[in-house]
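Participant: Predicted model follows, preceded by the sequence.
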Amino acid sequence: MLDLARRILVVLIMGLCIGLLFVSGKMAKAEEQQSWHWPVDGVMTDVFGSRNEQHYGIDIAASIGTPVYAVSSGTVTRSYYSDTYGHVVFLEQDNGYETVYAHLHKRFVTEGERVQASQQIGEVGNTGRSSGAHLHFEVHKGTWNIEKSNAINPLMVLDQTKLYTYLTDEVTEVVFKQVPQTQVSRVVTVRKGDTLWSISKKHDVTVEELQKLNQLSSDLLHIGQALKVQTTLTN
C-alpha cells in the first residue's frame, strides 16, 4: 500500500514538473514573439531589402539629437565608432536577438552594460557612411556577423500598432508587401484641394470611417493636416 502511494506521488511530481516546463517554454516563446518598442520617433525613409537586397535594416529619419531607445532588454556587446556605421551600439537582447543602432550622434552606453527596454542609449546623428540625419536599425536572429546572414526585417518584430506613424508615401507600398497582416494603418498628409470625400475614394474607405478614425466632428480639413487611414490588404 505504501509503495503504491509512493508511485502515485512520483507520477504526480513528474507530471507537475513537465507541466511547469511546458508553461515556461510557452512563456519564453511568447516573450520572444512579443512586439518590441520602436527605437526612435521619426519617419521611415528606407526599408529592409532595398539597394539590390543589400540593405539589412530600416532607416528612420529624425533630427540630430532625437533620443534613441533600446527596443528590448539586454546587454551591450559593442559601443564604438565605425567608418561605415559611425557611432554605433550593438545590443544582445535577452530574447536571443542582436540589434544594431547606427549613425548615432552620441552614445550613452558602454560595452558590457545592462539596459532595459525603452532605455535611452543614444541620439540620432549623421555619422559614418550616412547622407542625412537618421537611425539605421538592424535585427539579427542570433549573433551579428559581417555577412549579416542572420538579418531579419525589423518590421516583423516591432510594434505594428504604431507602424502607421512611421509611413510615408515613398515606402508605404513596399511596407504593405512586407508586413504579413490583413490591415495596416497609415497616415496621409492633407494637400491643397483635398477633401474627406477625395481622400476616402483614393484610399477605399468611407468618409464616416475617416471621421471616426481621426475623431473629426466636421469635414473641414487644413493643408498639412495628418490623417490616419485604414487600408485593407489582400495578403
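Facilitator: Yes, it's here.

Participant: drop to CA atoms for contacts and neighbour counts, all remaining ones
Facilitator: Fine.

Participant: ok, the most centrally placed residue in the chain - contacts?
Facilitator: Centrality entry for the chain: nearest residue to the mean C-alpha point is residue 158, 2.5 Å, by CA atoms, centre = their mean. Residue 158 makes contact with 35-38, according to CA atoms under 8 Å, 6 or more residues apart in numbering.

Participant: What is the most widely separated pair among the residues you listed?
Facilitator: 35 and 38 (9.3 Å; CA to CA).

Participant: Those two: which has the busier surroundings?
Facilitator: Taking residue 35 and residue 38 together and counting by other CA atoms under 10 Å, residue 38 has the greater number of neighbours (24 against 17).

Participant: quick check, the more buried one in a strand?
Facilitator: No. Under DSSP: H, G, I helix; E, B strand; the rest coil, residue 38 falls outside any strand and is assigned coil.

Participant: Report the separation between it and residue 70.
Facilitator: Using CA to CA, to the nearest Å, residue 38 is found at 8 Å from residue 70.

Participant: show me where this protein has strands.
Facilitator: Taking DSSP state E to define them, one finds strands in the chain at 43-46, 57-61, 67-69, 74-82, 86-93, 97-107, 114-115, 120-124, 134-141, 151-152, 183-189, 226-232.

Participant: Tell me the strands beside the longest one, with direction?
Facilitator: Next to strand 97-107 in the sheet, as set by DSSP bridges, lie strand 86-93 (antiparallel), strand 120-124 (antiparallel), strand 134-141 (antiparallel).

Participant: Repeat that for the fourth one.
Facilitator: Applying DSSP bridges, strand 74-82 is found paired with strand 86-93 (antiparallel), strand 114-115 (antiparallel).

Participant: To residue 199, which of these lies closest?
Facilitator: Comparing these by CA to CA, strand 86-93 comes nearest, at 40.7 Å.

Participant: If you average the pLDDT over the closest one, what comes out?
Facilitator: Average pLDDT, strand 86-93: 98.

Participant: Likewise for stretch 160-180?
Facilitator: Mean predicted lDDT for stretch 160-180 stands at 80.

Participant: in that stretch, what's buried?
Facilitator: Neighbour-count burial for stretch 160-180, with 16 or more other CA atoms under 10 Å as criterion, is recorded at 160, 163-168, 172, 175-176, 178-179.

Participant: For those residues, give me a markdown table that also has distance to residue 74.
Facilitator: Converted to a markdown table, these look like this (distance: CA to CA, whole Å):
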| residue | distance to residue 74 |
| --- | --- |
| 160 | 22 |
| 163 | 23 |
| 164 | 27 |
| 165 | 26 |
| 166 | 25 |
| 167 | 28 |
| 168 | 31 |
| 172 | 31 |
| 175 | 28 |
| 176 | 30 |
| 178 | 27 |
| 179 | 26 |
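
Participant: Could you break this structure into its assigned domains?
Facilitator: 43-159, 181-232 (automatic domain parsing).

Participant: In the chain, what helix or strand scores lowest on average pLDDT?
Facilitator: helix 2-33 (a mean of 49; mean pLDDT, DSSP states H and E).

Participant: And the contacts of stretch 63-73?
Facilitator: 36-41, 91, 93-94, 105-106, 114-126, 133-134.
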